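> task: produce atomic coordinates for the following.
(2 chains)
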Amino acid sequence: GDSVTQMEGPVTLSEEAFLTINCTYTATGYPSLFWYVQYPGEGLQLLLKATKADDKGSNKGFEATYRKETTSFHLEKGSVQVSDSAVYFCALTTQTGANNLFFGTGTRLTVIP
Amino acid sequence: DGGITQSPKYLFRKEGQNVTLSCEQNLNHDAMYWYRQDPGQGLRLIYYSQIVNDFQKGDIAEGYSVSREKKESFPLTVTSAQKNPTAFYLCASSITQDEQYFGPGTRLTVT
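Predicted coordinates for the structure are as follows:
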């Protein structure tokens, strides 16, 4: 079935460090891929998305490239800030009739000054 | 402003009581969803509805019920049959086949 495997956390980085959070997926068909972010006590916000192979999603300095050959969608940011501290979820939908999102388990990022 | 509202933010109930969580959206989205989030886990789908007066079970529907009488509203009832109801509940909606918009969540504690 469809699933997402996400890098285990928690991840702790110093401010201005480089961030990578790994995400790989298993899906039938041609999934759309997403990164959502959840700040403490809040719901999820869409951070970025990619709908086809080789697409690069980007937002707020974060980037992720849809790699069909490695079934991956790793999240990167060149220089993290304290305000980036949150839980990051990788997700996919296979665009079938149900439009269901399949989530990874989430990676908690803490950025220290 | 358009968005999704969930109320209340925190909810406390005694074991054996049914409780209904509210979800309202003014985005004119056809589809709505309920997810459950437990510590250290991803979100799991409880129920979803693609159109008014129709809804489908998700992966963990046992012990929950929903209704979709209006496009804007998709309330979730956590019944006494749900063995482990304490969790963070998230409602979402979508119009396209991909992006879902989430509400702020309701944290339910059952003692």
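> look at B:Ile60 and give its secondary structure.
coil (DSSP: H, G, I helix; E, B strand; the rest coil).
> chain A versus that one, what's the distance?
According to C-beta to the nearest C-beta, to the nearest Å, B:Ile60 stands 13 Å off from chain A. Just so you know, the C-beta spots here come from the backbone N, C-alpha and C atoms, and that holds for glycine as well.
> which residues does that residue contact?
B:Ile60 makes contact with B:36, B:44-46 under the criterion C-beta atoms under 8 Å, 6 or more residues apart in numbering or on different chains.
> again, 7 Å this time
B:36, B:44, B:46 (C-beta atoms under 7 Å, 6 or more residues apart in numbering or on different chains).
> specify which member of these is nearest to A:Gly29.
B:Arg44 (21.5 Å; C-beta to C-beta).
> about what we covered before: closest to chain A out of the contacts of B:Ile60?
Taking C-beta to the nearest C-beta as the measure, B:Arg44 is the one of those closest to chain A, at 7.9 Å.
> just the element for that closest one, please.
strand B:43-51 (DSSP states H and E).
> which parts of that strand are buried?
B:43-50 (16 or more other C-beta atoms under 10 Å in any protein chain shown).
> same deal with stretch B:17-32?
Buried residues in stretch B:17-32 (16+ other C-beta under 10 Å): B:19, B:21-25, B:29, B:31-32.
> now narrow those to whatever sits close to chain A.
Counting by C-beta under 7 Å from any C-beta of the partner chain, B:Ala31 from these sit close to chain A.
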